[in-house]
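Asks: Starting from these lines, generate the structure:
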Amino acid sequence: MGFFDFLNEEKTKKETRKEVREVAQTADTEFAAEDAHLDLRQEELDIDKHRVETGDVTIHKDIVEEEQSVNVPVSHDQVVIEQRAVDHEPTDEPITEEETVHIPVTAEKIDVEKHTVVTGEISAHKRSVQETEQVRDVLRKEVADVESHGNTDIIKED
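Replies: Next up, the predicted model:
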């Protein structure tokens, strides 16, 4: 195959494409004697909504320890021993072997116990909040394009 054969083949391909284009243009044309019908179409948006999980909230309690100091007044007994000198006063009591005096001594002791009280409560609930989001997309539609050639009288009625 030579160079000129290649050029002739390219020329034939171009002519074939031109013929196909001309046939394709006339294939959709409807020739009518009096009445003609042409459907016009347009695109519309179909919008659906669905719920998705975006996160969660967990509520739990933690135990926190804190040391607390409380001053509590307590009392205890003290025994005070006093000795004083007496001027040799006579007595009728004889000297005995032993004589004992028992003095009980007391003190306050602190007993600490704990009890639980309610100091507050926490509650949680969900609520739905309405917002508006703008959706944008390009929509196509078919519109009628009326061309007139020559001497024509066209009346448009909507």
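Asks: In contact with the closest residue to Gln78 other than its chain neighbours, which residues?
Replies: Nearest residue to Gln78, sequence neighbours excluded (C-beta to C-beta, 6 or more residues apart in numbering): Val105, at 7.8 Å. Placement of C-beta: from N, CA and C, glycine included. Taking C-beta atoms under 8 Å, 6 or more residues apart in numbering as the criterion, Val105 is in contact with 76-79.
Asks: ok, and the most crowded of those?
Replies: Asp77 (11 neighbours; other C-beta atoms under 10 Å).
Asks: Grab the nearest non-local neighbour of that residue.
Replies: Asp77 sits nearest to Val105 (C-beta to C-beta, 6+ apart), 4.5 Å away.
Asks: mind checking how far that neighbour is from Val79?
Replies: Note on Val105: its distance to Val79, by C-beta to C-beta, to the nearest Å, is 6 Å.
Asks: Excluding chain neighbours, what is closest to Leu40?
Replies: With sequence-adjacent residues excluded and distances taken as C-beta to C-beta, 6+ apart, Leu40 is closest to Glu142, at 4.5 Å.
Asks: Surely that neighbour touches Glu43?
Replies: No - using C-beta atoms under 8 Å, Glu142 makes no contact with Glu43, being 9.7 Å away.
Asks: if I pick the residue nearest to Leu40, what's in contact with it?
Replies: Glu142 is in contact with 39-42, counting by C-beta under 8 Å, 6+ apart.
Asks: switch to 7 Å and redo it
Replies: Residues in contact with Glu142 (C-beta atoms under 7 Å, 6 or more residues apart in numbering) are 40-42.
Asks: Need those in CSV (columns: secondary structure, distance to Asp153 and neighbour count).
Replies: Below are the contacts of Glu142 laid out as CSV (DSSP: H, G, I helix; E, B strand; the rest coil; distance: C-beta to C-beta, whole Å; neighbours: other C-beta atoms under 10 Å):
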residue, secondary structure, distance to Asp153, neighbour count
Leu40, coil, 23, 8
Arg41, coil, 28, 7
Gln42, strand, 29, 9
